[in-house]
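1. Pasting a predicted model and its sequence here:
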Amino acid sequence: MKKIATLALVAGLSASTAFAGGYTAPVVEAEPVVVEGGSSSNAGILVPVLLLLGVAIVAAD
């Protein structure tokens, strides 16, 4: 019976310290808005075009 009482006491004390701070709402920070200007050329197409050009040169030889 002493072991059960000791375990209940330990569980009760540890549970009360776990909730000692109370609930605080999480702080959500707003992300900064970044406005990017539009580009007149698309750099994403440069690599595939160079790859196709390299394949064409190798195939022509």
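-> All right, it came through fine. Residues are numbered from 1 along each chain as shown.
2. buried ones in the helix or strand harbouring V55?
-> Following DSSP states H and E, one finds V55 within helix 46-60. Neighbour counts using 16 or more other C-beta atoms under 10 Å place no residue of helix 46-60 among the buried ones. All C-beta spots, glycine's among them, are computed from the backbone N, C-alpha and C.
3. CA atoms of it as PDB?
-> Provided in PDB are the C-alpha atoms of helix 46-60 (Å, rounded to 0.1, in the frame of the first residue of the first chain):
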ATOM      1  CA  LEU A  46      18.800  29.000 -70.700                       C
ATOM      2  CA  VAL A  47      20.100  25.600 -69.400                       C
ATOM      3  CA  PRO A  48      17.800  23.400 -71.500                       C
ATOM      4  CA  VAL A  49      18.600  25.500 -74.600                       C
ATOM      5  CA  LEU A  50      22.300  25.100 -74.000                       C
ATOM      6  CA  LEU A  51      21.800  21.400 -73.400                       C
ATOM      7  CA  LEU A  52      19.900  20.900 -76.700                       C
ATOM      8  CA  LEU A  53      22.600  23.000 -78.500                       C
ATOM      9  CA  GLY A  54      25.300  20.700 -77.100                       C
ATOM     10  CA  VAL A  55      23.500  17.600 -78.100                       C
ATOM     11  CA  ALA A  56      22.900  19.000 -81.600                       C
ATOM     12  CA  ILE A  57      26.600  19.800 -82.000                       C
ATOM     13  CA  VAL A  58      27.700  16.300 -80.800                       C
ATOM     14  CA  ALA A  59      25.100  14.600 -83.100                       C
ATOM     15  CA  ALA A  60      26.300  16.600 -86.100                       C
END
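4. what is the mean pLDDT for that helix?
-> For helix 46-60, mean pLDDT is 86.
5. what's the answer for stretch 6-16, then?
-> 74.
6. Counting neighbours, show which residues of it come out buried.
-> With burial defined by 16+ other C-beta under 10 Å, not one residue of stretch 6-16 is counted as buried.
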